[in-house]
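Visitor: fold the stuff below for me.
(4 chains)
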2 protein chains.
Amino acid sequence: MVDSQTRFEELVNRLREQGYRLTPQRMALLRLLAASDGHPSASHLYDQLHTQFPTTRLGTIYKTLNLLKDLDEVLELGFSDDDNRYDGNKPYPHPHLICVRCRKIMDPEVKLAQDLVQQVAQQSGYQIVSHRLDFYGVCPDCREGE
Amino acid sequence: MVDSQTRFEELVNRLREQGYRLTPQRMALLRLLAASDGHPSASHLYDQLHTQFPTTRLGTIYKTLNLLKDLDEVLELGFSDDDNRYDGNKPYPHPHLICVRCRKIMDPEVKLAQDLVQQVAQQSGYQIVSHRLDFYGVCPDCREGE
DNA sequence: GTGCTTGCAAACAGTTTGCAGATAG
DNA sequence: CTATCTGCAAACTGTTTGCAAGCAC
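Guide: Predicted coordinates:
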């Protein structure tokens, strides 16, 4: 992972150069995204921002997250049965490891064989634009109490 | 893919042996699930059932789908930004290929290297219970009109 | 000063739940 | 006969939208 201060500055510059405004709330959100490796949800980010900016609402957070998503600076991990999660450090497809008990999400140190993507493209005639690989399991902490 | 009649009978027997009732609506839903290779959504199934059983409601369809999901006879593909899709023919993890334009879903003829799963388990200490691999792309039909 | 951003509240959509009447076994 | 299933409607939840006031530039 890139240094969190560096990533923060990257995000700030990216918004600035695109002509977006850097409000204090946005700066704080960018700082959180750059600092977190835990794939926070919008409401987790809200909990953290709320202490500093008591009037901040979830809606505002979603707006900024969607903005960053459109700029490809944040990866959104959507779940149909749970809050979506956001990764502001590695905004490109990569495998995730999800604990089915505590919902902790980490990045395993593996990657999808690139020729598998090629193979799918050739077989199907699809133009592949992205992919997603999630492993579901029980994390060591959650296995302990069994 | 297994023959659709065979799969239908499998599903019927599975419900029967578990003591669940085989109502006409359920039978029709099982038939649809066994026959479809297009990963239908609940509302797609509803559209089809509705002609035969005009009083059938989406809620009922969800109840039966969840029942089959609990019996591991249907695979649910959840999407945070779209209807969930259901696969009654291959109710185990396998890769999917999703058109980002028309939302058609097919099964590419590839499979995830099994040792990748092992590798993740060993590295992380997680007990892996499942996984999901989705490729996103533009299907040949949707590329045509470009 | 201009118009993007925020706070706020209401809307949205897919899915789930609760209940009374219908029905499979 | 009776417990399960269906139809129905309301509830639920995470996310999005619309608008007026605020503030970055």
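Visitor: okay, CA-based contacts and neighbour counts for the rest of this
Guide: Will do.
Visitor: what is the longest strand belonging to chain A packed up against?
Guide: Ranked by number of residues, the top strand in chain A under DSSP state E is strand A:127-138. Packed against strand A:127-138 by the contact rule (3 or more Cα pairs under 8 Å, 6 or more residues apart in numbering or on different chains; DSSP states H and E) you find strand A:96-99, helix A:114-124, strand B:127-138.
Visitor: and the shortest one, what other elements does it pack with?
Guide: Read it as strand A:96-99. Against strand A:96-99 (3+ Cα pairs under 8 Å, 6+ apart) you get strand A:105-106, strand A:127-138.
Visitor: who does the residue sitting nearest the centre point of chain A form a beta bridge with?
Guide: Nearest to the mean C-alpha position of chain A, by Cα atoms, centre = their mean, lies A:Asp87 at 1.7 Å. Per DSSP bridges, the residues bridged to A:Asp87 are A:Leu75.
Visitor: can you name the residues of chain A sitting close to DNA strand C?
Guide: Selection of chain A residues close to DNA strand C by Cα under 7 Å from any atom of the strand yields A:20-26, A:53-57, A:59-60, A:63-64.
Visitor: narrow the residues you listed to those in helices?
Guide: Counting by DSSP state H, those place A:Pro24, A:Gln25, A:Arg26, A:Gly59, A:Thr60, A:Lys63, A:Thr64 in helices.
Visitor: farthest-apart pair in the residues you listed, please.
Guide: Using Cα to Cα, those span at most 16.0 Å, a distance reached by A:Pro24 and A:Gly59.
Visitor: re the thing from before, near DNA strand D, from the ones in helices among the residues of chain A next to DNA strand C?
Guide: A:Pro24, A:Gly59, A:Thr60, A:Lys63.
Visitor: follow-up on the earlier one: nearest to DNA strand D, out of the helices and strands packed on strand A:96-99?
Guide: strand A:105-106 (14.9 Å; Cα to the nearest atom of the strand).
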